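*Asks:* here are the coordinates; sequence isn't available:
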């Protein structure tokens, strides 16, 4: 069957982040053979199919890259063969996100054969999602620079990350990595009394304060949908294990902070304010990743719930996705895909093949009804009357 062949072909192509050229060439050749005109945007592969109403558009997004397979000896089946057992396809990226890529390739075939689409449809096969999301980010930069965002009066997006074909993710908290550095006196380990400022002891005081900060942020900045912010202490480093007779000049702590909309833009300022009495340097480790958020009453959510009824539950992602880049540009985006979440980023990753065909059917219906979807309260009223 076609979906089995496509997914197996994709799994045979190694596409660790930053090395996606081979898989993109495979997708390009297959889609061009359909009679469509795929093109590249900043390393991403893009397909645009025109509909009757060019003021409305749906963007479908799937990433072609994977993480490393790790120790292949821990895999029961080869990560690069596409082994089929009990209607499950095993392989690196089977769920995250090559099953989603397979759905979009099958969707391209359907769209080419359909001559009367209700709206424009964009299929985007993006790179580097597992690294930093720069593939989706660069596509959206191009999309806006070319005037497409301004052109469309109605615009929504679907990211085909793994959600087991049962969960519709509406958002996720922002992601901020921060380093805190305390500085102290260095000296010989035999002379502790000569150390006036100890970098590690200074950091211990800050560690106690961080717990208080988290409690305050939970009280002040929690969000009705995204939940509470969190502060994770992820690493601490001081000195050299091979030089145990020397006091460390610095102690460095890293934090993984998950933010809500009211906290995100001011998180560093608030952290510095709360620790202003302590001699510590505070800075971002990487550029902060914004939060993602789409209203449960938005047309894209209403359309999917109309199609799937009680088969889909609304949820919030615990981790970050490329949804945040759509939110930043005021584009309603949701996360929904065929992959199996519990298997991603670990040996023996697999995807239920039935979820690929179910996703294809659902997206074909979505393209038909989304352009004319009613408001959420009208849908709820109609269901109640039934």
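*Replies:* That came through, no problem. Quantities reported herein were computed from a predicted structural model and do not represent experimental measurements.

*Asks:* going forward, measure contacts between C-alpha atoms and count neighbours the same way
*Replies:* Fine.

*Asks:* where do the strands of the stretch 201-350 of the chain begin and end?
*Replies:* Ranges of strands within the stretch 201-350 of the chain are 230-238, 246-247, 250-259, 280-284, 292-293, 313-317, 332-335, 350-352, based on DSSP state E, counting those that start in this stretch.

*Asks:* and of those, who's closest to residue 156?
*Replies:* When the strands of the stretch 201-350 of the chain are compared for distance to residue 156 using C-alpha to C-alpha, the nearest one is strand 332-335, at 4.9 Å.

*Asks:* so which elements touch the closest one?
*Replies:* strand 154-159, strand 167-172, helix 299-308, helix 323-327 (3 or more C-alpha pairs under 8 Å, 6 or more residues apart in numbering; DSSP states H and E).

*Asks:* count of residues packed around residue 82?
*Replies:* 23 (other C-alpha atoms under 10 Å).

*Asks:* ok, the spatially closest residue to it that is not a sequence neighbour - how many residues close by?
*Replies:* The shortest distance from residue 82 to any non-neighbouring residue, by C-alpha to C-alpha, 6 or more residues apart in numbering, is to residue 8 (4.7 Å). Using other C-alpha under 10 Å, residue 8 has 23 other residues around it.

*Asks:* could you look up the SS state of residue 8?
*Replies:* Using DSSP: H, G, I helix; E, B strand; the rest coil, the structure places residue 8 in helix.

*Asks:* quick one on the thing from earlier: out of the strands of the stretch 201-350 of the chain, which is closest to residue 70?
*Replies:* Of all the strands of the stretch 201-350 of the chain, the one in closest proximity to residue 70, counting by C-alpha to C-alpha, is strand 350-352 (15.7 Å).

*Asks:* chain center to that closest one: distance?
*Replies:* Mean-position distance between strand 350-352 and its chain equals 19 Å (C-alpha atoms, centre = their mean, to the nearest Å).

*Asks:* who does it pair up with?
*Replies:* Sheet neighbours of strand 350-352, with direction, are listed as strand 88-90 (antiparallel) (DSSP bridges).

*Asks:* buried residues in the strand it pairs with?
*Replies:* Neighbour-count burial for strand 88-90 flags 88-90 (criterion: 16 or more other C-alpha atoms under 10 Å).

*Asks:* next secondary structure after it?
*Replies:* Under the assignment DSSP states H and E, the closest C-terminal helix or strand after strand 88-90 is helix 99-113.

*Asks:* please spell out which residues along that following helix are buried.
*Replies:* Within helix 99-113, the residues that count as buried by 16+ other C-alpha under 10 Å are 99-109, 111.

*Asks:* cool, stretch 224-239 as well?
*Replies:* Within stretch 224-239, judged by 16+ other C-alpha under 10 Å, the buried ones are 225-226, 228-231, 238-239.

*Asks:* same question, stretch 25-40
*Replies:* In stretch 25-40, counting by 16+ other C-alpha under 10 Å, buried: 27-28, 30-31, 36, 38.

*Asks:* follow-up on the earlier one: compare the strands of the stretch 201-350 of the chain and give me the one nearest residue 206.
*Replies:* Taking the strands of the stretch 201-350 of the chain one by one with C-alpha to C-alpha, strand 280-284 is closest: 8.6 Å.

*Asks:* and the buried residues of strand 88-90 as TSV, adding distance to residue 300?
*Replies:* Converted to TSV, the buried residues of strand 88-90 look like this (distance: C-alpha to C-alpha, whole Å):
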residue	distance to residue 300
88	29
89	29
90	31
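
*Asks:* and of those, the nearest to residue 122?
*Replies:* Ranked by distance to residue 122 (C-alpha to C-alpha), the buried residues of strand 88-90 are led by residue 89 at 27.1 Å.

*Asks:* ok, now how distant is that closest one from residue 278?
*Replies:* 54 Å (C-alpha to C-alpha, to the nearest Å).

*Asks:* next: residue 52.
*Replies:* Relative to residue 278, residue 52 is positioned 62 Å away (C-alpha to C-alpha).

*Asks:* for the protein, which residues score under the pLDDT cut-off?
*Replies:* 374-386 (pLDDT under 70).

*Asks:* can you list contacts of the longest helix along it?
*Replies:* The longest helix of the chain (DSSP state H) is helix 199-221. With contact meaning C-alpha atoms under 8 Å, 6 or more residues apart in numbering, helix 199-221 is reached by 181-185, 228-231, 238, 248-251, 253, 260, 262-263, 271, 274-275, 278-279.

*Asks:* can you give me the buried ones in stretch 152-168?
*Replies:* Across stretch 152-168, burial judged by 16+ other C-alpha under 10 Å covers 152, 154-168.

*Asks:* do stretch 188-201 as well
*Replies:* Those would be 198-200, for stretch 188-201 by 16+ other C-alpha under 10 Å.

*Asks:* correct me, but residue 299 touches residue 373?
*Replies:* Yes: assessed by C-alpha atoms under 8 Å, residue 299 is found in contact with residue 373 at 6.2 Å.

*Asks:* can you map out the helices along the stretch 1-150 of the chain?
*Replies:* 2-12, 21-32, 99-113, 134-145, 148-151 (DSSP state H, counting those that start in this stretch).

*Asks:* now those helices in TSV, with distance to residue 189?
*Replies:* TSV is the format used below for the helices of the stretch 1-150 of the chain (distance: least, C-alpha to C-alpha, whole Å):
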stretch	distance to residue 189
helix 2-12	55
helix 21-32	53
helix 99-113	57
helix 134-145	46
helix 148-151	62
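
*Asks:* which one of those helices lies closest to residue 364?
*Replies:* Taking the helices of the stretch 1-150 of the chain one by one with C-alpha to C-alpha, helix 99-113 is closest: 7.4 Å.

*Asks:* got the contact list for residue 311?
*Replies:* residue 166.
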